[in-house]
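S.K.: got a structure for you, letters missing:
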C-alpha cells in the first residue's frame with residue numbers, strides 16, 4: 001500500500017514528504033500533534049494508537 005502510493009509521487013513530492021516526516025518524527029512533537037497531522041491528511045482510515053501511528057509513519061518515511 002505504501003509503496004504503491006509513493007511510486008505515484010514525483011521526486012519533489014517525495015522529498016517534501018520525507019522532510020516533513022523527518023521533522024514530525026524528530027521527537028519535538030507530542031502524540032497529539034502527530035495524531036492531528038495524520039488526521040489532517042484526509043486518509044480513509046484512522047490509527048488511534050500512538051505507537052502504531054508512529055510505526056506506520058516511519059514505514060512511509062523509509063519508502064520516500
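M.R.: Alright, I've got the coordinates. All figures in this text were calculated on a predicted structure; none of them were measured in a lab.

S.K.: C-alpha only now, for contacts and for neighbours.
M.R.: OK.

S.K.: What is the worst-scoring helix or strand of the chain on mean pLDDT packed up against?
M.R.: Using mean pLDDT, DSSP states H and E, the weakest-scoring helix or strand in the chain turns out to be helix 2-7, at a mean of 93. Where contact means 3 or more C-alpha pairs under 8 Å, 6 or more residues apart in numbering; DSSP states H and E, helix 2-7 is packed against helix 50-63.

S.K.: Give me the contact list for stretch 43-60.
M.R.: 2, 21, 25, 31, 35, 39 (C-alpha atoms under 8 Å, 6 or more residues apart in numbering).

S.K.: any idea which residue sits dead centre in this structure?
M.R.: In the chain, the C-alpha nearest the mean C-alpha coordinate belongs to residue 57, at 3.8 Å (C-alpha atoms, centre = their mean).

S.K.: roughly how far apart are it and residue 64?
M.R.: Distance check for residue 57 against residue 64: by C-alpha to C-alpha, to the nearest Å, it reads 11 Å.

S.K.: again with residue 39
M.R.: To residue 64, residue 39 is 20 Å away according to C-alpha to C-alpha.

S.K.: ok, those two, which is more surrounded?
M.R.: Set residue 39 next to residue 64 and count neighbours by other C-alpha atoms under 10 Å: residue 64 wins out with 20 against 15.

S.K.: where's the more buried one relative to residue 32, distance?
M.R.: Per C-alpha to C-alpha, residue 64 is found 24 Å from residue 32.

S.K.: How about residue 42?
M.R.: Distance, residue 42 to residue 32, by C-alpha to C-alpha: 17 Å.

S.K.: Check residue 12 too.
M.R.: For residue 12, the distance to residue 32 under the criterion C-alpha to C-alpha works out to 28 Å.

S.K.: cool, residue 48 as well?
M.R.: Residue 48 sits at a distance of 10 Å from residue 32 (criterion: C-alpha to C-alpha).

S.K.: now do residue 8
M.R.: As defined by C-alpha to C-alpha, residue 8 lies at a distance of 29 Å from residue 32.

S.K.: ok, residue 24 - contacts?
M.R.: Residue 24 neighbours (C-alpha under 8 Å, 6+ apart): residue 34.
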